[in-house]
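S.K.: Fold the following for me, if possible:
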Amino acid sequence: MSGFYRVAQGMRLSSLGIGTYIGDAGDAVDRDYEAALTAAIDGGINVIDTSRNYRRQRSEKVIGRTIAGRAREQLILCTKTGYRIDGAGHTLDPEFLDESLHASLANLGVERLDIFYLQNPEEQPDLMSQLQRVFETCELFVSRGLIRFYGVATWSGFRAKGNPMQLHSLAGAARTVAGHGHRFRFVQVPYNLSMHEAFSLRNQSGGTSLLQAAGECGVTVIGSATVLQGRLTKDLPPQLASKFPGLTTDAQRAIQFSRSTPGITVSVVGTTNVAHVEENLALKQVAPLSEADYYAIYGK
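M.R.: Residues are numbered from 1 along each chain as shown. A predicted model of the protein is given here:
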């Protein structure tokens, strides 16, 4: 499979995941997602990313219908919490986390999640003061067998140049709650040809990048927005083609860039299109770039 799968936190993850954010909350999009998810899973993608608030819970529910009857242990199910479904804003209140988790489990038709993300926690102005209680709640979910791991999924929290979240501080809070065996082990951040701050921006403790900090903290990084909602699937600079041998489309090149980045374990691509899933799955037969070839993209 040419390095298509990686092992992280004791789990076997496909280096390409499928996301379920895009689309309106209607039956036609549900049908498209079911077809795309089926093609992805049949093709070997086992990382499925969603959130309770995506498409008014319909994304979770269509995943639940699609995976019913499949071998649960072969799938890595990831969902998020933080936004109230009624549109009343963002919260990390433990009671809401409990409500949200159980709703997600019911929507997905499973007894346990693999990764439970706190979505955009930077929206909380007093985030650090809440962390002990929030992480205690998440560790309780682990002890009850409801989740395997938890983490944060953020759009801008780690990319801010002024006052970014500090991964070492988050991991430190988890260690305070549960020692070195804590289950705060995942972060999801946008990562693509246009948004490569996790690799290139040194805004973490000690002047490190997020990917370096994650390595130091034992945290696995998942990339989102891999093709930037389709904007990186066409009209890439022609000179990039030579940097990605064996690939024929810009979408494949954009995905290959992300999945070849040292420190990015999974690159999530959201799609409702079966043809796009099949196009992306061509990467199963192509090894990720070597580190030397990857750095050459930056001219190093």
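S.K.: Can you list the buried residues in stretch 133-150?
M.R.: For stretch 133-150, burial by neighbour count (16 or more other C-beta atoms under 10 Å) applies to 134-135, 137-142, 146-150. Every C-beta, even on glycine, is put in place using the N, C-alpha and C of the backbone.
S.K.: Show me those that map onto helices.
M.R.: Val134, Phe135, Thr137, Cys138, Glu139, Leu140, Phe141, Val142 (DSSP state H).
S.K.: so what's the closest residue to Ala225 other than its chain neighbours bridging to?
M.R.: Nearest non-adjacent residue to Ala225, counting by C-beta to C-beta, 6 or more residues apart in numbering: Pro190, 4.0 Å away. With DSSP bridges as the criterion, Pro190 is bridged to Ser224.
S.K.: Verify the contact between Pro190 and Gly157 for me.
M.R.: No. In this structure, Pro190 is not within contact of Gly157 by C-beta atoms under 8 Å, at 10.6 Å.
S.K.: wait, isn't Gly82 in contact with Gly89?
M.R.: No. Here Gly82 does not reach Gly89: they are 9.7 Å apart, not a contact under C-beta under 8 Å.
S.K.: Have a look at the two and say which one is more surrounded.
M.R.: Under the criterion of other C-beta atoms under 10 Å, the comparison of Gly82 against Gly89 puts Gly82 first, with 24 against 9.
S.K.: For Asn120, see how far away that one is.
M.R.: 6 Å (C-beta to C-beta, to the nearest Å).
S.K.: so what sits against both of these two?
M.R.: In terms of C-beta atoms under 8 Å, 6 or more residues apart in numbering, Gly82 and Asn120 are both contacted by the residues His90.
S.K.: For the buried residues of stretch 133-150, please prepare JSON lines with the additional fields pLDDT and distance to Pro237.
M.R.: Shown next, in JSON lines, are these (pLDDT from 0 to 100; distance: C-beta to C-beta, whole Å):
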{"residue": "Val134", "pLDDT": "98", "distance to Pro237": "43"}
{"residue": "Phe135", "pLDDT": "98", "distance to Pro237": "43"}
{"residue": "Thr137", "pLDDT": "98", "distance to Pro237": "46"}
{"residue": "Cys138", "pLDDT": "98", "distance to Pro237": "42"}
{"residue": "Glu139", "pLDDT": "98", "distance to Pro237": "46"}
{"residue": "Leu140", "pLDDT": "98", "distance to Pro237": "49"}
{"residue": "Phe141", "pLDDT": "98", "distance to Pro237": "45"}
{"residue": "Val142", "pLDDT": "98", "distance to Pro237": "45"}
{"residue": "Leu146", "pLDDT": "98", "distance to Pro237": "46"}
{"residue": "Ile147", "pLDDT": "98", "distance to Pro237": "42"}
{"residue": "Arg148", "pLDDT": "98", "distance to Pro237": "40"}
{"residue": "Phe149", "pLDDT": "99", "distance to Pro237": "38"}
{"residue": "Tyr150", "pLDDT": "99", "distance to Pro237": "39"}
